[in-house]
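Asks: model the structure of this input:
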Amino acid sequence: MKKRLAVCGLLGLALLAGCGAESTAAAPESGAKDKRHERETLIADCMKQKGFKYVIHVPPFKQSDLQKRVASGDYASLKEVRSKHGYGAFSRFVYKDEGGEPERKDPNEAIKAGLDKGQREAYELQAKTCYTTAVKQVFGFEVKSLADFSDMTAKEIEKVDRELNGDAKLNELAGPFAQCLTGKGEKVSSSKPLDLVNRGPMEWEELVAKQKEPSAAEARPYLTREIKSALTDLECGKEFYAAFNPLSTRLNTEARLKFGFLPQS
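Replies: Numbering: from 1, shown residues only. Prediction:
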């Protein structure tokens, strides 16, 4: 939580870098899916030539109307989400038994798991080489290794962060937002736009980390307090989020489309 975005999240490298699965926050353009499929096809062909099996894996993108409205900064939608989930820290323990569409796991993880140690290491090494070759061919990036590509995406994240923190409108709204939070008894250590956005989620995620997987019953009292804090944050930042969310959505979507990966929350 210390960083707004994880490089692994932007890359979507579950198999190659031991990262988590891709998640979504803003709809990609139609061409993004085609490029991801092209990338995966090249990886599969490359792996086959080296004697390894690789299954083309392009997770479908699904986004509800509520998620779209939240991404646009719509106040009523943000309030609806925060009234139930707060910042999303303790709610995942309270609502963990609620039904939902199961996550589509990368089938290549199962393939890799079925190999012995030596084969698995050879598989991972070749997968990284094939991946680098594929992204170079599809997107035209001059990279020699997965590390090069990771560095490139990290710089893209930093570029987006600088643009958000440097936006004149956001900084104009950030001052009153921070003052309001302080007046309501909320902890504010910085009035930079991204620091204000991350302040609440980081505080409650740190509290979650101290609880060590609480049960739903144990988490509920914390969620009640978290919701109160999140709604206070929203009320103080009503105008700020109306400007921040659509700008952040656009910049992050553009950045990720550039690399051919789905947006990340």
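
Asks: low-scoring stretches of the stretch 1-150 of the chain, by residue?
Replies: By pLDDT under 70, the weakly predicted segments of the stretch 1-150 of the chain are 1-34, 61, 99-104.

Asks: which phi and psi does residue 140 have?
Replies: phi 80, psi 20 (degrees, to the nearest 10).

Asks: quick one: neighbours of it, just the number.
Replies: 7 (other C-beta atoms under 10 Å). C-betas here are computed from N, CA, C, even on glycine.

Asks: and it, how far from residue 35?
Replies: 11 Å (C-beta to C-beta, to the nearest Å).

Asks: same check, this time on residue 112
Replies: 24 Å.

Asks: now do residue 76
Replies: When residue 76 is compared with residue 35 (using C-beta to C-beta), they lie 35 Å apart.

Asks: one more: residue 228?
Replies: Taking C-beta to C-beta, one finds residue 228 at 43 Å from residue 35.

Asks: count the neighbours of residue 166 for me.
Replies: By other C-beta under 10 Å, the burial measure for residue 166, its neighbour count, is 11.

Asks: the residue nearest to residue 195 when sequence neighbours are not counted in helix, strand or coil?
Replies: Of all residues not flanking residue 195 in the chain, residue 189 sits nearest, at 7.1 Å (C-beta to C-beta, 6 or more residues apart in numbering). Following DSSP: H, G, I helix; E, B strand; the rest coil, residue 189 is assigned to coil.

Asks: measure residue 189 to residue 254 for me?
Replies: 30 Å.

Asks: the more surrounded of the two?
Replies: residue 254 (15 against 9).

Asks: tell me the pLDDT of the more buried one.
Replies: Per-residue pLDDT puts residue 254 at 85.

Asks: from residue 49, how far off is it?
Replies: Distance from residue 254 to residue 49, by C-beta to C-beta: 34 Å.

Asks: list the contacts of stretch 186-193.
Replies: Here stretch 186-193 makes contact (C-beta atoms under 8 Å, 6 or more residues apart in numbering) with 164-165, 167, 170-171, 174-175, 177-178, 181-182, 195-196, 199-200, 203, 229, 232-233, 236, 240, 244.

Asks: for it, buried residues please.
Replies: When neighbours are counted by 16 or more other C-beta atoms under 10 Å, the buried residues of stretch 186-193 are found to be 186, 188, 191, 192, 193.

Asks: will you turn these into TSV that also has pLDDT?
Replies: Shown next, in TSV, are the buried residues of stretch 186-193 (pLDDT from 0 to 100):
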residue	pLDDT
186	95
188	96
191	96
192	97
193	97
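
Asks: residue 130: which of those residues is nearest?
Replies: Proximity of the buried residues of stretch 186-193 to residue 130 (C-beta to C-beta) peaks at residue 193, which lies at 38.9 Å.

Asks: mind listing the helices for the stretch 151-265 of the chain?
Replies: According to DSSP state H, counting those that start in this stretch, the stretch 151-265 of the chain carries its helices in the segments 168-183, 193-211, 216-236, 238-259.

Asks: to residue 88, which of the ones you listed lies closest?
Replies: With C-beta to C-beta as the measure, helix 193-211 is the member of the helices of the stretch 151-265 of the chain nearest residue 88 (7.0 Å).
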